[in-house]
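> After the sequence you'll find the predicted model.
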Amino acid sequence: MDASDDAQLTPRDGGSETVGAAERPHSSGWLVDEPAQLSRLYGAAGLWPDLRLWRIATPFLMDQQAAAIAREMETGQTAVRRRRRPPPPPQTEDPVTAAAARLLTELHSTADSPTPSEYRENNSAARRAAREVLEGSGEPLTAPRQGGNPTDEPCFMESGGHRYVLPARSAFLCGDVTAAFDDVTVVSQLLGDGPRFDCVLLDPPWSNRFVRRKRKRHGYRSLEAAELASLPLPRLAAPGALVAVWCTNSTAHGRTLRHTLLPAWGVREIALWHWVKVTRYGRPITSGSHHSKQPYEQLVLGRLGAAPTGLPPLPAERLIVSVPCAVHSRKPLLHDLLRPYLPSGYRGLEVFARGLAPGWTAWGDQPLLLQRVGGLLITRRQAEEVQQAEEAQQKAEGRRRDEELEQAEKSRKAEQQQSDDELQQRTEIHQDGRRYD
């Protein structure tokens, strides 16, 4: 967990960094190592990412499904499944996941396959760590409304009994985003004494049943198209600003974004990138055979007017491939990837933010959620404690599994003995019948 290998990348402002080893470039996109990014950004402050959150070894499955796969791998026998509905038609290869597979292969980043024990574990350590991150934070109730770090190094801030780390030259404004759309003072608070933003990144809380269920627990609500369309983006973004919007694969959401939101904001779409989520073995986190969701999300990019002169054209298609963080809705850091297409020393704004990035301003209900020390980012001592707890948990799970296997073997032997006894009994009855004949 040492960040010394990435020490050459020191954050100063939005336009001063270079892409390092954490973002491996390829002609079709990037392979991003988010823990390496975070180690590079916060290692000097004595903080590192909780690596459990990226311990995604197997695709996203229900525990029962994962256990069935583990049994099949161990026994070599496929369980007989009773189908309640006709089998789905054969699926054609998805072009996005196929392109991601080629990228991983060409970068020599594919590994072996998950083991039965990893299927049985079913990413439980990552899910457990994600619950700890969300349940351990009192933000946004205890967080200050506004703050920042004007220095060239990460700094710490105390609030409401929590300790937060702020990356270099970052700022945040905490509050209900939609309630402030018509508030001119909020625009001035975000801009401060500087010019309008050269880049605006949005991760809207799109409205759907699953998202509403998730976000009801974690303190932020879904938004309808009319609310999102009222975002005062032209007052916040500079002419020619790059606008990037995370979008689900929902056809309705894509249509709303392209035909309602972008025109309302005065943005012209110029590119569609995809974030492909893979396991540590380079496999998609979902597949059509077990999950209805695609293993990727869309990043729609556009310009507010003509691009500034002297910048390279934005690629129309790119892939961002990474192991996702287990924290719900966490997205990969984009400031390094977008920088080549932005002016030197650019100003960046992230709307609906749940974390901070160096050189950027974060605005949202929960901009400090993932900046709490002891959550996504931990000290070396906490990392050692986590490791010890995980080892104890693994030993306990190993003992439980051994007991289950022992009990299963006893049951198998008992069933076999019963079957043998029944066979012997039938044989004796048959032989007795022949003697009487």
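Noted; the coordinates are in hand.
> what helices or strands is the lengthiest helix in the chain leaning on?
The longest helix of the chain (DSSP state H) is helix 380-436. For helix 380-436, the elements it packs on are helix 116-121, helix 124-135, judged by 3 or more Cβ pairs under 8 Å, 6 or more residues apart in numbering; DSSP states H and E. Where you see a C-beta, it was placed from the backbone N, CA and C, and this is true even at glycine.
> Need the winner for burial among those helices.
helix 116-121 (a mean of 19; mean count of other Cβ atoms under 10 Å).
> Surely residue 223 touches residue 207?
Yes. Contact criterion Cβ atoms under 8 Å: residue 223 and residue 207 qualify, at 6.3 Å.
> pLDDT below threshold where in the stretch 101-250 of the chain?
Residue ranges of the stretch 101-250 of the chain with pLDDT under 70: 110-111, 137-143, 180-183, 208-221.
> Show me the helices in it, by range?
Here the stretch 101-250 of the chain has its helices, by DSSP state H, counting those that start in this stretch, at 116-121, 124-135, 184-191, 209-218, 225-229, 233-236.
> follow-up on the earlier one: what's the closest of the helices and strands packed on helix 380-436 to residue 392?
Among the helices and strands packed on helix 380-436, helix 124-135 comes nearest to residue 392, with 12.0 Å by Cβ to Cβ.
> Measure how far that closest one is from the centre of its chain, please.
Chain-centre distance of helix 124-135: 13 Å, with Cα atoms, centre = their mean, to the nearest Å.
> quick check, residue 286 in a helix?
No. Residue 286 is assigned coil when assessed by DSSP: H, G, I helix; E, B strand; the rest coil, not a helix.
> Touching, it and residue 297? I think so.
No. With contact defined as Cβ under 8 Å, residue 286 does not reach residue 297; the gap is 11.5 Å.
> Any chance you could list residues touching both of these two?
Common contact partners of residue 286 and residue 297 (Cβ atoms under 8 Å, 6 or more residues apart in numbering): residue 277.
> Show me what counts as buried in stretch 162-169.
Buried residues in stretch 162-169, counting neighbours by 16 or more other Cβ atoms under 10 Å, are found at 162, 164, 165, 166, 167, 168, 169.
> Out of those, the closest to residue 322 would be?
For these, the nearest to residue 322 is residue 167 (19.1 Å; Cβ to Cβ).
> nearest residue to the closest one other than its sequence neighbours?
Nearest in space to residue 167, with sequence neighbours left out and distances taken as Cβ to Cβ, 6 or more residues apart in numbering, is residue 358 at 4.2 Å.
> Residues touching stretch 184-191, excluding its own?
Here stretch 184-191 makes contact (Cβ under 8 Å, 6+ apart) with 146, 173, 175, 180, 197, 232, 235, 236, 349, 361, 363.
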